[in-house]
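> attaching a predicted model along with its sequence, questions to come.
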Amino acid sequence: MIARKYLIPLRKEFLEIRNRGRFYSSESLAVIVAKNNFAYSRFAFIVGKKVFNLSVTRHRVKRLLAEAVRNLKLPNNDYVFLAKKDSGRATLARMTDEINNLVPH
């Protein structure tokens, strides 16, 4: 699990990141990347109820994204990950590769 310090806490901050960030997309996820003023990266994971009806699946995808991000060394930015329908069948290795290819270094 990712420590609370590294999570984006407020909806207001999420909206600011959405407005000033760059959007990248792939088959199973999308990511919004924005610069931040911290010495570390911050993350948010959004898995909509319209994408996965079952909360078990939504939480599994969030845990999978969090673990994939934890294993990668990403630049100090704010990242908002948006899951798509294809991410429900993803493995940790596939998700890590996809994030690594998607996010600019």
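Yep, that arrived.
> pLDDT score for R70?
On the pLDDT scale, R70 is placed at 89.
> an error on my part: the question was meant for P9.
Value for P9, per-residue pLDDT: 86.
> neighbours of it, how many?
11 (other Cβ atoms under 10 Å). Using the backbone N, CA and C atoms, a C-beta is placed for each residue, glycine as well.
> same question for the one 10 residues further on.
Neighbour count for N19, taken as other Cβ under 10 Å: 9.
> what ranges do the strands span in the protein?
22-25, 29-35, 42-46, 77-83 (DSSP state E).
> gap between the first one and the chain center?
Read that as strand 22-25. Counting by Cα atoms, centre = their mean, to the nearest Å, strand 22-25 is centred 11 Å from the centre of its parent chain.
> could you do stretch 1-20 as well?
With Cα atoms, centre = their mean, you get 10 Å for stretch 1-20.
> ok, back up a step: can I get the strands of the chain in a markdown table with mean pLDDT?
A markdown table is the format used below for the strands of the chain (pLDDT from 0 to 100):
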| stretch | mean pLDDT |
| --- | --- |
| strand 22-25 | 94 |
| strand 29-35 | 94 |
| strand 42-46 | 93 |
| strand 77-83 | 94 |
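> which of the ones you listed sits most buried?
Ranked by mean neighbour count, these are led by strand 77-83 with a mean of 22 (mean count of other Cβ atoms under 10 Å).
> got a list of what the most centrally placed residue in the chain touches?
With distances taken as Cα atoms, centre = their mean, F81 lies nearest the centre of the chain, 2.5 Å away. For F81, the residues meeting the contact criterion (Cβ atoms under 8 Å, 6 or more residues apart in numbering) are 29-31, 43-46, 65, 69, 99.
> can I get the strands of the chain in a markdown table with distance to N53?
Formatted as a markdown table, these follow (distance: least, Cβ to Cβ, whole Å):
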| stretch | distance to N53 |
| --- | --- |
| strand 22-25 | 23 |
| strand 29-35 | 18 |
| strand 42-46 | 16 |
| strand 77-83 | 13 |
